[in-house]
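Visitor: Build me a structure from this.
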Amino acid sequence: MKSRLFFKLVTVFAFFIGIYTNAQDVVKSEGLTDFDRLVFYDFRGTNAFNVSGGLASISSDYDNSEFKFQFKAGYKRFLSNYLNLNLSVGSFKLANTDLFEDQYTSIDLNIEFLLSPYERFSPFAYGGYGIVSAKDIDTSAGKVQAGLGAEYIVYDGLAIKLYAEYNYTTSDELEGVIGDTGNDSFLRFGLGLNVYFGGEEQRNKLLENQDTVIKSNQIIIDN
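Guide: Purely as a prediction, here's the structure:
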């Protein structure tokens, strides 16, 4: 069990490193100007609150998994225009037809890569570690998760998002049964909102740089 958990943690760490490396390559290749970076603060910000709702489905020792409602709320903090660290709390049901149903709560910590932060539409990918616990069954477990999605800025500071997420737990008794199919996992699909705020200080600095460049160009022309 410990070796399997170690392997999962190494996999998640490698995922984080891959995301960070890719982000750095994108930044270097684009050669962005201060004007380009201003767009990020027009559309988004350095922080965001998010809420979403959708469906969840379990893969476990039982067959005939059902889709049940799931809800998540969280907060994200941008480390750069491409990367953010986010924490969320989720509530959802998992069920198999006529066999099992329970309510669950999860706490997730993820690092997320935003592919096109200077555009209204941007795909994103994320991964991290979390904890899930059941309401009626006396069980809880750690988990690793990864997801893909896309968001669209409908108004400055407000985005709608769509995502799909895979969760692999460290337990084979998430539904209260130990079988021979391996550890339990579940999927979550959701539609939600990101509400961005912050970044005024960074935006003002970029505007000051623009003013300095404009004034310098005027001096050169006058001479």
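
Visitor: pLDDT weak spots in this structure?
Guide: 1-35, 60-63, 137, 175-182, 209-223 (pLDDT under 70).

Visitor: if we go to 50?
Guide: 1-3, 5-6, 29, 213-216, 218-219 (pLDDT under 50).

Visitor: what's the nearest residue to K68 if we skip its chain neighbours?
Guide: Distance criterion C-beta to C-beta, 6 or more residues apart in numbering; nearest residue to K68, sequence neighbours excluded, is K93 at 3.6 Å. For the C-beta atoms, the positions are set from N, CA and C on the backbone; glycine is no exception.

Visitor: What does that neighbour show for phi and psi?
Guide: phi -110, psi 150 (degrees, to the nearest 10).

Visitor: Next up, the contacts around it.
Guide: Contact analysis of K93 by C-beta atoms under 8 Å, 6 or more residues apart in numbering lists A56, K68, F69, Q70, E101, D102, Q103, Y104.

Visitor: residue contacts, the first one?
Guide: Neighbour list for A56: F67, K68, F69, Q70, F92, K93, L94, F186, L187, R188, F189 [criterion: C-beta under 8 Å, 6+ apart].

Visitor: Can you say which of these are buried?
Guide: K68, Q70, F92, K93, L94, F186, L187, R188, F189 (16 or more other C-beta atoms under 10 Å).

Visitor: Return the closest of these with respect to L162.
Guide: F189 (8.3 Å; C-beta to C-beta).

Visitor: next helix or strand past the helix or strand encompassing K143?
Guide: Assigned by DSSP states H and E, K143 belongs to strand 140-155. Going down the chain from strand 140-155, the next helix or strand is strand 158-169, by DSSP H and E.

Visitor: Leaving out the residues flanking it, which one is nearest to L148?
Guide: A125 (5.4 Å).

Visitor: residues contacting that neighbour?
Guide: Neighbours of A125 in contact, by C-beta under 8 Å, 6+ apart: I19, E112, F113, L115, A146, G147, L148, G149.
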